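Chemist: return atomic coordinates for the entry below.
(one chain, ligands or ions: 1)
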Amino acid sequence: MRGRSTRLIVALDTKDTAQAVRWRHETAGHAGAVKLGLEFTYACGLDAVREAAGDSPLFLDLKLHDIPNTVASAIGSLAALRPAMLTIHASGGRAMIAAARVAVNETFPENARPLLLAVTVLTSMDAGALHETGVEGSVEAQVVRLGRLAIESGADGLVCSSHEIAPLRQALGDKPVLVVPGIRPAGSAPGDQKRVMTPAQARDAGADWIVVGRPITRASDPAAAAAAIAAELSA
Ligand SMILES: O=c1ccn([C@@H]2O[C@H](COP(=O)(O)O)[C@@H](O)[C@H]2O)c(=O)[nH]1
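Modeler: Model (predicted):
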């Protein structure tokens, strides 16, 4: 599936603010946004998140998952970070997702409202790992089930692997924004990622955004690695 353009988000996974800023500068010409997540935020704090993101659109990947009141209150504490996207876990359920939607609408002015993204099934999980959590059936069925619940409950989009893009589009249409980690350029190590595709495969499947961390940040030349991925996306 082509027709939607697919953009790159660089995951700045580090405990060092200066390193995050360096990676942002090195990859800025090739990425549409930077992602700051649990590792950086716990190590460096919220003020450093804003510093690390600089002028780049910020994907704030804190994967909130708690009772509705706590998630809503936490979102209220994130106003100063001006994220372009933020994440919650779809498995938190309908009431939690709906509370997050209300909190986003109340916390941010309409012209600066982040996309509320729900994580479906982590890309580090395969069928065996999912079954161990008590979920029967396929990863794809669970992603579509959680994706439908999240969109019905007010999420703007989903975090999923490339493998579930087609079934999600079939179930939910073109509107939800699909953000896709688990991206590995040909020949690069999967590490802990289980459901992976290359940048071009994710683009052809219909990803709106791909998220890439270690293949860029652990490369000997992060700028060149990001440039190669951007070139692959636009080929
Ligand atoms: O299902 C998910 C949700 C989030 N992530 C995050 O994306 C990056 C991927 O980094 P790589 O180094 O390219 O594997 C990382 O920050 C994760 O927290 C994910 O991988 N899967």
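Chemist: could you use CA atoms for every contact and neighbour count after this?
Modeler: Will do.
Chemist: for the protein, what spans make up the helices?
Modeler: Here the chain has its helices, by DSSP state H, at 17-27, 38-44, 46-53, 68-76, 94-107, 127-132, 139-152, 165-172, 199-205, 214-217, 222-234.
Chemist: which one of the ones you listed is the most hemmed in?
Modeler: helix 199-205 (a mean of 23; mean count of other Cα atoms under 10 Å).
Chemist: elements contacting that helix?
Modeler: helix 222-234 (3 or more Cα pairs under 8 Å, 6 or more residues apart in numbering; DSSP states H and E).
Chemist: for the helix it packs on, packing partners?
Modeler: Checking 3+ Cα pairs under 8 Å, 6+ apart, helix 222-234 ends up next to strand 7-11, helix 17-27, helix 199-205, helix 214-217.
Chemist: from the contact counts, what lies against the top strand by length along the chain?
Modeler: Ranked by residue count, the top strand of the chain under DSSP state E comes out as strand 58-64. With contacts taken as 3+ Cα pairs under 8 Å, 6+ apart, strand 58-64 sits against strand 33-37, strand 85-89.
Chemist: give me the mean pLDDT for the last one.
Modeler: Read that as strand 85-89. For strand 85-89, the mean pLDDT works out to 98.
Chemist: any idea how far it is from the chain center?
Modeler: In terms of Cα atoms, centre = their mean, to the nearest Å, the centre of strand 85-89 is found 8 Å from the chain centre.
Chemist: which strands and helices lie in contact with that strand?
Modeler: So strand 85-89, by 3+ Cα pairs under 8 Å, 6+ apart, packs with strand 58-64, strand 115-119.
Chemist: sounds good, over and out.
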